[in-house]
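S.K.: I'd like to go over a predicted model; first the sequence, then the structure.
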Amino acid sequence: MIKIFTKTRHIKKINDFLNSINLEHEIYTIKDNIISSEKFELGVSYCYPRKILNPLLITSNKGFVNYHPGPLPKYKGPTELKDAIKNKEIHWGVTVHYMDEDYDTGSVIQIKQIELHEPPISEQELGAVSHYFLFELFKETILNIFEQKL
């Protein structure tokens, strides 16, 4: 069982994909009140707007992973898009990493590199590119992470 924590707008695509590969899962948003000490296999934060804390963080047998819409460790936290625009970044990427108690500091599993043709001019523009490639990274890695092959 995978427990996924995400924003409402990502539920359908995540649910459809995980159903297509027959991976048992539950999806939660910030509207859900999660108070459970019941063990589960893998926790996933997919652009979830809140920090996952103990005891939930340690309730997963295989740990928690975070799909982050920027390249770590350079672009941590919730301001990665704004910071990249300010830096006129053209070398970009999206990251999946193991989570620990700190923010965006766990071991990196994989970064999907993205070469931009020119520096982005808005958070919406860079966000659209990031979220497209982030879901591609999710589809490429989630089963291998669940099966502990990555």
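M.R.: It's in.
S.K.: pLDDT weak spots in the chain?
M.R.: 35-37 (pLDDT under 70).
S.K.: am I right that Gln113 falls within a strand?
M.R.: Yes - membership of Gln113 in a strand is supported by DSSP: H, G, I helix; E, B strand; the rest coil.
S.K.: I'd say it and Gly93 touch.
M.R.: Yes - here Gln113 lies in contact with Gly93, judged by Cβ atoms under 8 Å, at a distance of 4.7 Å. All C-beta atoms are positioned from the backbone trio N, CA, C, and that covers glycine.
S.K.: between the two, who's got more neighbours?
M.R.: Gly93 (22 against 10; other Cβ atoms under 10 Å).
S.K.: against Gly70, how distant is that one?
M.R.: 7 Å (Cβ to Cβ, to the nearest Å).
S.K.: residue nearest the centroid of this protein?
M.R.: Residue closest to the average C-alpha location in the chain (Cα atoms, centre = their mean): Tyr67, at 1.5 Å.
S.K.: for it, which non-adjacent residue is spatially closest?
M.R.: Tyr46 (4.6 Å; Cβ to Cβ, 6 or more residues apart in numbering).
S.K.: then Phe146?
M.R.: Leu42 (5.4 Å).
S.K.: sorry, back to before: where do the contact lists of Gly93 and Gly70 overlap?
M.R.: When Cβ atoms under 8 Å, 6 or more residues apart in numbering defines a contact, no residue borders Gly93 and Gly70 alike.
S.K.: I figured the residue nearest to the centre of the chain was touching Glu136, is that so?
M.R.: No - assessed by Cβ under 8 Å, Tyr67 is found out of contact with Glu136, at 10.6 Å.
S.K.: pull the contacting residues for the residue lying farthest from the centre of the chain.
M.R.: Going by Cα atoms, centre = their mean, the residue of the chain most distant from its centre is Glu118, 24.9 Å out. Contact partners of Glu118, counting by Cβ under 8 Å, 6+ apart, are Ile90.
S.K.: where's it relative to Asp104, distance?
M.R.: Taken as Cβ to Cβ, the span from Glu118 to Asp104 is 26 Å.
S.K.: do Ile14 as well
M.R.: 20 Å.
S.K.: now do Arg50
M.R.: In terms of Cβ to Cβ, Arg50 sits 13 Å off from Asp104.
S.K.: now Asn144
M.R.: Asn144 is 21 Å from Asp104, by Cβ to Cβ.
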